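# I would like to see how this sequence folds:
(one chain, ligands or ions: 1)
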Amino acid sequence: MDEIVTNENRTLKVRAEYVTKQYEMAPTKSDKMKSLFLKTNFPKFWAVRGVSFEAYEGETIAVVGTNGSGKSTLMKIVSGIVPPTTGKVEINGETSLIAINAGLKGNMSGRENIRLKALMLGMTDSEIDEKMDDIIAFSELGDFIDQQVKNYSSGMKSKLGFSISVHTNPDILIVDEALSVGDATFNRKSLAKIKEFQEQGKTIFFVSHSLGQVREMADKVLWMHYGEVRQFGPTKEVMDAYDKFVSDYKKLSGKEQAKYRNDYRKAQQEFTVDKFYESELKKQRKSLNLDVLPAKEETRIYEATHKRHLAETWSKTEKIVFTGLVLLTLFVADKVVLNLGMKNIIENPSSLVTNWAPSKIHSLNERHAHIQSIRNGKEK
Ligand SMILES: Nc1ncnc2c1ncn2[C@@H]1O[C@H](COP(=O)(O)OP(=O)(O)OP(=O)(O)O)[C@@H](O)[C@H]1O
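Down below sits the predicted model:
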């Protein structure tokens, strides 16, 4: 991404343009598998519909919205775990996603997970050795650190994930509800850590249902509403509008609420990139007070709104061949090459492609060698 600096001398860290994510509503896991490789007719819907925003160095952005509005999906796209269907996200720096369970391997101990995740995030062995005690102490897991993570409660997993991420010093931190599952003491400590990051000028995204926390911590709020950005701007302005929406919605009768939800869900099913392109053109023409935009700009918007992610353009056969090769590689490499876990890969095989972004290949190969040596050492 080209270095962009605002007139307040702030560097652009994340730019999302016309991002969408389409999911298939497959009822069971095996249906989901089938839909990856065979032609199926499960209904589709758009969990994210044409989201654009920019985030600068030093900004703390809260992502709010009702359940299922697309907050986590958007954060996974920003952190590169899930590819968008169309549109693009440009990142200037290293992201670290803290979500309950994110990137933790259940069949390994907390201590082994610390080493693995830290290696994947680019830390060297000696840096990890140096920070290991601090990470364990911050996580408050005590002797449980040597237990397998699959036996942890969700709060314990969140504490471990949070502790690892804040000690790996990312410059773009994405916290997805991890702040709400710990106990009160841990949450206070986590908030203090986030404030420390704010003072250091990092870019922070956090998903939260705690509206008080949002007002206290965020500079800006991104309000997601049924997959769209309903509003993005200064905290007070957006939160006042959000509070008003919540209180108006609560005043509706049960029947009216159901109609409201159904209308939006229908819009999520009927969304198309073509319709979105047309509405985007109208919006821009109106804001510039023009009947038509310059042809070059209309073409640019067409291409940007229709740009499909590589992983989403593959044919079913290509997916079968690629997945077969990947499963074989993972088997040989003892399933730790990308720290994704089988469940994630089955649910979202294309995440493998995004994690092999060209700029990361060199370091991932190096880290893989490290990881292998840890595994070999452990098995001796
Ligand atoms: N892998 C998936 N396959 C199919 N649908 C999915 C998948 N992941 C998310 N969804 C759907 O996408 C929509 C958005 O989900 P998402 O988790 O992003 O919402 P959210 O705003 O984070 O919700 P919450 O506040 O409840 O955590 C939901 O309708 C969800 O069911």
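
# buried residues, the helix or strand containing Glu17. List them.
Assigned by DSSP states H and E, Glu17 belongs to strand 12-24. The neighbour-count criterion (16 or more other CB atoms under 10 Å) identifies Leu12, Lys13, Val14, Arg15, Ala16, Glu17, Tyr18, Val19, Thr20, Lys21, Gln22, Tyr23 as the buried residues of strand 12-24. Where you see a C-beta, it was placed from the backbone N, CA and C, and this is true even at glycine.

# try stretch 64-76
For stretch 64-76, by 16+ other CB under 10 Å, it's Val64, Gly65, Thr66, Ser69, Gly70, Lys71, Ser72, Thr73, Leu74, Met75, Lys76.

# close to the ligand: what parts of the protein are there?
The chain comes close to the ligand at residues Tyr23, Ala47, Gly65, Asn67, Gly68, Ser69, Gly70, Lys71, Ser72, Thr73, Glu347, as judged by CB under 6 Å from any ligand atom.

# in strands, which of those residues fall?
Tyr23, Ala47 (DSSP state E).

# Serialize the residues of the chain next to the ligand to JSON lines and add fields for distance to Gly227.
Putting those into JSON lines (distance: CB to CB, whole Å) gives the following:
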{"residue": "Tyr23", "distance to Gly227": "10"}
{"residue": "Ala47", "distance to Gly227": "6"}
{"residue": "Gly65", "distance to Gly227": "9"}
{"residue": "Asn67", "distance to Gly227": "13"}
{"residue": "Gly68", "distance to Gly227": "9"}
{"residue": "Ser69", "distance to Gly227": "7"}
{"residue": "Gly70", "distance to Gly227": "5"}
{"residue": "Lys71", "distance to Gly227": "10"}
{"residue": "Ser72", "distance to Gly227": "12"}
{"residue": "Thr73", "distance to Gly227": "8"}
{"residue": "Glu347", "distance to Gly227": "19"}
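
# I'd like the residues of the chain next to the ligand laid out as a markdown table, including pLDDT and distance to Glu196.
Formatted as a markdown table, the entries for the residues of the chain next to the ligand read as follows, by pLDDT from 0 to 100; distance: CB to CB, whole Å:
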| residue | pLDDT | distance to Glu196 |
| --- | --- | --- |
| Tyr23 | 92 | 36 |
| Ala47 | 97 | 33 |
| Gly65 | 96 | 27 |
| Asn67 | 92 | 30 |
| Gly68 | 93 | 32 |
| Ser69 | 96 | 30 |
| Gly70 | 96 | 29 |
| Lys71 | 96 | 24 |
| Ser72 | 92 | 25 |
| Thr73 | 95 | 29 |
| Glu347 | 54 | 34 |
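
# and the residues of the chain next to the ligand, which two are furthest apart?
Farthest-apart pair in these is Gly65 and Glu347; separation 22.4 Å (CB to CB).

# okay, now the unreliable bits of this protein?
Applying pLDDT under 70 to the chain picks out residues 1-8, 26-27, 31-39, 99-102, 178-182, 310-316, 319, 333-380.

# spatially central residue in it, please.
Residue closest to the average C-alpha location in the chain (CA atoms, centre = their mean): Lys76, at 1.8 Å.

# does Trp229 belong to a helix, a strand or coil?
For the record, residue 229 is Val, not Trp. Under DSSP: H, G, I helix; E, B strand; the rest coil, Val229 falls in the strand class.

# okay, now it: neighbour count?
Neighbours of Val229 under the rule other CB atoms under 10 Å: 21.

# ok, it touching Val238?
No - using CB atoms under 8 Å, Val229 makes no contact with Val238, being 10.2 Å away.

# could you tell me which residues touch both of these two?
Common contacts of Val229 and Val238, defined by CB atoms under 8 Å, 6 or more residues apart in numbering, comprise Leu222, Trp223.

# how distant is stretch 282-295 from the center of its chain?
Mean-position distance between stretch 282-295 and its chain equals 32 Å (CA atoms, centre = their mean, to the nearest Å).

# buried set for that stretch?
The neighbour-count check on stretch 282-295 (16+ other CB under 10 Å) flags nothing as buried.

# likewise for stretch 85-100?
Residues of stretch 85-100 classed as buried: Thr85, Thr86, Gly87, Val89, Ile91, Asn92, Thr95, Ser96, Leu97, Ile98, Ala99, Ile100 (neighbour count, 16+ other CB under 10 Å).

# farthest-apart pair in those residues, please.
Thr86 and Ile100 (28.2 Å).

# quick one on the thing from earlier: paired strands for the strand holding Glu17, with orientation please.
Strand 12-24 has the following sheet partners, assigned by DSSP bridges: strand 44-56 (antiparallel), strand 86-91 (antiparallel).

# Ile172 touches Ser96, doesn't it?
Yes - taking contacts as CB under 8 Å, Ile172 lies within contact range of Ser96: 7.3 Å.
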